[in-house]
Every structure is written in C-alpha cells, then in structure tokens.
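**Student:** here is the input, now give the coordinates:
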Amino acid sequence: MAENPKLAAAMARLDTLTDWERRPRNRMRVGLEPARDLAARLGEPHERFRAVHVAGSKGKGSVSALIEAGLAHAGLTVGRYGSPHVEHVTERVSLGGHDVDPETLAVALTKVLDAYEAARREGTAAAEATWFDLLTLAAFVIFREAAIEWAVVEVGLGGRLDSTNIVDGEIAVVTNIGLEHTEILGDTRAKIAGEKAGIVKPGAVVATTLRPDDEAGRVIAARADALGCALVVSEAGEGATLAETNAALAGAVLDALGRRGVTGRAGEAVGARLLDGDTRARARLVGRMERFSLAGTPRPLKVVLDGAHVPFNIAAVLRDLGREPDLAGPCVAVVALARDKDAPGFLAELGRRATVLVCADAPSAARGRPAAELRAIAASLGIDSEAEPDARRAFLRGAELARRSGGWLLVTGSLYLVGALRGELRSGRLGTAASPPAP
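**Tutor:** Prediction:
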C-alpha cells in the first residue's frame with residue numbers, strides 16, 4: 001500500500017525505540033510498569049472495553065481472529081490486536097475484521113509517542129517503554145476512540161510480563177505450549193506455562209487445549225484453581241487439523257462468553273454456532289498455510305506460505321498439507337529461522353517431508369540464523385540442502401527445484417521471510433501468481 005505520510009512520520013519516531021521482535025532477546029527488558037505508566041498518561045484506554053486475552057506458543061493469531069469474527073457475526077463491535085505483521089504494521093490492529101486505516105493508526109500512535117516523550121522528560125517508568133509497549137497502547141487508544149465493546153488481545157511474548165497484560169481479560173486463552181523463547185520464558189513446558197498463565201485474572205474463565213494431566217496443562221489448571229476460575233478444555237477430536245483445533249478452541253471461548261451472559265444484537269447468547277463456514281473464512285490470516293499458484297508449463301507451481309517456526313507446529317502444518325491432493329508430489333522448502341528457535345528440531349521435522357531445503361537468511365538480520373549455518377545443521381541431519389542468503393533468490397531457486405521435480409514449494413520458518421516474499425508474489429514480481437479464495 002502507498003505509505004501514509006502521517007503514519008510514516010510516526011513510525012520513524014517509533015523506530016528509534018528498542019524493537020525486541022527483531023533483536024536478540026537474552027537481554028530483553030520485560031515488565032508492566034512502562035505500559036501502566038503510559039496507560040495512565042493516556043486516560044487508561046484499556047479500561048474502556050471488555051477483553052479476551054490470548055496467549056500460547058502457536059495459533060494465537062488464528063484463534064484470536066476466529067473469536068473476533070464470531071463476536072462480529074453476533075453484531076457486537078469488536079477489535080483485535082495481534083503480532084507480528086506480515087507486510088504492513090496496520091495488520092496488527094483490526095476493527096470489525098478489517099485492518100485499521102493508516103490515518104487512524106498514525107493519530108493514535110502520535111498520541112502515545114507524545115506521552116512517552118513526556119515520561120522521558122519527567123523520568124517516570126514509561127521512559128523505558130519499548131517499540132511493542134507503545135504500539136500496544138496505540139491499539140488500546142484506537143479501541144477506545146472507536147467505542148468498541150470487545151477487544152481480542154493477543155500476547156506478544158510470554159504473558160505475565162507482556163505489556164498486553166494490563167488488560168483484565170474476562171476469558172484467558174492458552175492455545176498450547178511448546179519450547180520457545182527458552183532464554184526468557186524457561187527451559188521446560190511447565191515453566192513456560194507458568195509465564196503464559198500469568199494472563200489469568202481472578203474470576204476469569206480459562207480456555208485451553210491442554211488437559212490437566214499434561215505437564216503444561218497441570219500448571220494452567222492450578223493457576224485457574226488458585227484464582228477461582230472455571231477451566232474449559234476444548235476437544236477437537238483425534239486427527240483434527242490445525243484449523244479444526246483452532247476453531248474448537250475459539251468456539252469454546254464463545255460458548256463460555258455466552259454462559260457469562262454475553263448476547264449479540266438479537267439478544268441471543270453468543271456461542272460456537274457463530275463460527276459458520278463464511279465466518280471462519282473471513283477469519284483467515286495471511287501467511288498461515290496461505291496458497292498461491294505460479295503460472296508455468298507444463299503445470300502451475302503450487303506455493304504455500306506458512307510462518308511456523310517451532311518443531312511441533314511445522315509437524316502439524318506438514319501433516320495437514322499432506323492431506324491436500326494437489327500437494328502429493330515432492331516438497332521443496334525455502335526456510336529461514338531466528339537464532340532463538342530450535343533449528344535442529346525444526347529442520348528435522350521439515351526434512352521428513354521436504355526433499356531439499358533452500359536455506360535463507362532471516363530478513364530480521366539481528367536475530368536471524370545465517371543461511372550457511374542452517375545448511376550445516378541440515379547436513380548434520382542428513383537433509384539435502386543449499387544456502388542462498390537472499391530471500392528473493394532463495395525463493396527463485398526453490399521454485400526452480402520444485403518445478404524440476406514436479407513438486408510444490410513451501411516457504412516457512414519465519415513470518416518475516418513470508419512477509420518479504422508475499423508482496424512480490426501478489427504483485428507478480430516472482431512470476432504470475434494467483435491466490436485462491438480461502439476455503
């Protein structure tokens with residue numbers, strides 16, 4: 001999209017702050033004091049709407065989008081805040097199922113930046129606010145100004161000390177727990193669950209896919225019990241796809257809201273029935289098992305973009321894609337990973353399905369693992385691979401190999417890699433491409 005000059009100016013100011021999404025996180029400052037100070041300076045915007053708070057290792061964005069779509073289907077005014085974005089920062093804030101317009105984000109972000117600069121002059125806690133802290137408060141200002149009834153708020157990292165945790169979520173969602181960000185959150189699933197369970201507030205409903213007999217689920221259940229919270233464990237059934245698992249959890253959240261007396265415009269309690277086929281299709285996010293087709297002979301090349309970056313998630317993605325009849329041929333994968341990801345575990349899962357990997361540098365260079373290092377890890381696992389640091393050239397090489405083998409192409413490991421390539425795919429700069437409508 002054409003850059004809005006006001007938003008460009010606000011982002012230029014914001015970009016002088018520390019952006020921990022793109023930097024090594026082992027020295028990361030976490031805490032709620034800067035966000036609380038900013039919120040106070042801005043009139044406590046997070047207290048002007050009701051909230052569903054969503055944490056978890058994977059699936060947060062998809063589950064959040066489904067809850068948002070279900071509440072909107074009921075006729076309620078709803079917003080959603082998520083991260084990271086794939087192509088444009090406006091993707092992070094949604095109003096009524098649509099990305100916020102650049103002008104609205106620019107106005108809100110400017111207000112928050114002004115509050116931040118006042119805090120710096122006065123030496124209060126918000127002087128230590130980060131890029132994510134400020135953007136979070138900008139989203140809350142937007143929600144207040146739009147007078148929304150409900151916000152679905154996705155945790156950025158962890159939960160307990162994440163700046164989104166100033167909201168008082170009536171429903172606390174923990175999608176799942178995998179080993180990620182271990183240098184910050186802990187080196188076991190139980191420790192990570194403790195951080196994510198930090199979003200649970202007294203009297204809330206806790207919704208999760210994790211059973212109480214699971215290592216991480218036990219921690220979630222204990223937190224719910226300690227705070228007098230009802231615990232809801234969603235069941236999608238054995239062999240359920242990621243989409244079905246996410247929809248089951250979102251439906252459980254909507255049912256829980258209905259039991260708490262939340263009704264739609266027609267006066268009927270909200271519930272899982274709101275997630276019909278059209279509603280689920282509207283909730284599809286970019287860069288999550290997103291399909292493209294590149295024209296060519298003798299047949300078009302099928303391309304899938306997915307930002308999975310932890311082993312258990314890429315395993316599930318590959319399992320689901322393996323059910324697609326048009327993806328029955330050999331898989332070639334273009335992959336990039338951040339340094340804080342389990343590269344051996346991820347590549348081992350990827351190598352079970354992909355015949356060859358083209359390793360690229362992550363576009364977030366400060367946190368990215370070099371392509372040559374990824375290739376060395378792949379070689380140690382006995383996986384055929386090549387190194388091409390440039391994302392665009394890596395894609396073109398992957399497409400060449402996939403066409404040669406009569407297979408299909410997967411771009412994965414990093415939403416930043418997906419974002420670097422998606423715009424070029426849509427524009428046709430990587431070959432004539434078409435993205436089919438969401439199922």
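
**Student:** poorly predicted segments of the stretch 101-250 of the chain, please.
**Tutor:** 179-187 (pLDDT under 70).

**Student:** where do the helices sit along it?
**Tutor:** 102-122, 131-145, 182-185, 189-196, 215-226, 242-259 (DSSP state H, counting those that start in this stretch).

**Student:** okay, these, which one's buried deepest?
**Tutor:** The highest mean neighbour count among the helices of the stretch 101-250 of the chain, using mean count of other Cβ atoms under 10 Å, belongs to helix 131-145: a mean of 25. C-beta coordinates here come from the backbone N, C-alpha and C atoms, glycine included.

**Student:** please compute how far stretch 192-208 lies from its chain's middle.
**Tutor:** 18 Å (Cα atoms, centre = their mean, to the nearest Å).

**Student:** and A12, which of the helices of the stretch 101-250 of the chain is closest to it?
**Tutor:** With Cβ to Cβ as the criterion, A12 lies closest to helix 102-122 of these, at 10.2 Å.

**Student:** and the closest one, what does it pack against?
**Tutor:** Packing partners of helix 102-122 (3 or more Cβ pairs under 8 Å, 6 or more residues apart in numbering; DSSP states H and E): helix 5-14, helix 33-41, helix 131-145.

**Student:** CA atoms only for that helix - export them in CSV, please.
**Tutor:** In CSV, the C-alpha atoms belonging to helix 102-122 read as follows (Å, rounded to 0.1, in the frame of the first residue of the first chain):
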residue,chain,number,x,y,z
PRO,A,102,-3.2,4.2,8.3
GLU,A,103,-4.5,7.6,9.3
THR,A,104,-6.2,6.2,12.4
LEU,A,105,-3.1,4.3,13.5
ALA,A,106,-1.0,7.4,12.9
VAL,A,107,-3.2,9.6,15.1
ALA,A,108,-3.2,7.1,17.9
LEU,A,109,0.5,6.4,17.7
THR,A,110,1.3,10.1,17.8
LYS,A,111,-0.6,10.5,21.0
VAL,A,112,1.3,7.6,22.6
LEU,A,113,4.6,8.9,21.4
ASP,A,114,3.9,12.3,22.9
ALA,A,115,3.0,10.6,26.2
TYR,A,116,6.3,8.6,26.0
GLU,A,117,8.3,11.7,25.4
ALA,A,118,6.7,13.4,28.3
ALA,A,119,7.6,10.4,30.5
ARG,A,120,11.2,10.7,29.3
ARG,A,121,11.3,14.4,30.3
GLU,A,122,9.8,13.6,33.7
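
**Student:** quick one: contacts of it?
**Tutor:** With contacts defined as Cβ atoms under 8 Å, 6 or more residues apart in numbering, helix 102-122 is touched by 1, 3-4, 6-7, 9-11, 13-14, 37-38, 41-42, 89-90, 93, 125-127, 129, 134-135, 137-139, 141-142, 145.

**Student:** returning to what we had before: and the helices of the stretch 101-250 of the chain: which comes nearest A308?
**Tutor:** Going by Cβ to Cβ, the one of the helices of the stretch 101-250 of the chain nearest A308 is helix 242-259, 9.4 Å.

**Student:** could you list the buried residues of the helix or strand that comes right after the closest one?
**Tutor:** Toward the C-terminal end, the helix or strand that comes next after helix 242-259 (DSSP states H and E) is helix 277-282. With burial defined by 16 or more other Cβ atoms under 10 Å, the residues of helix 277-282 counted as buried are T279, R280, R282.
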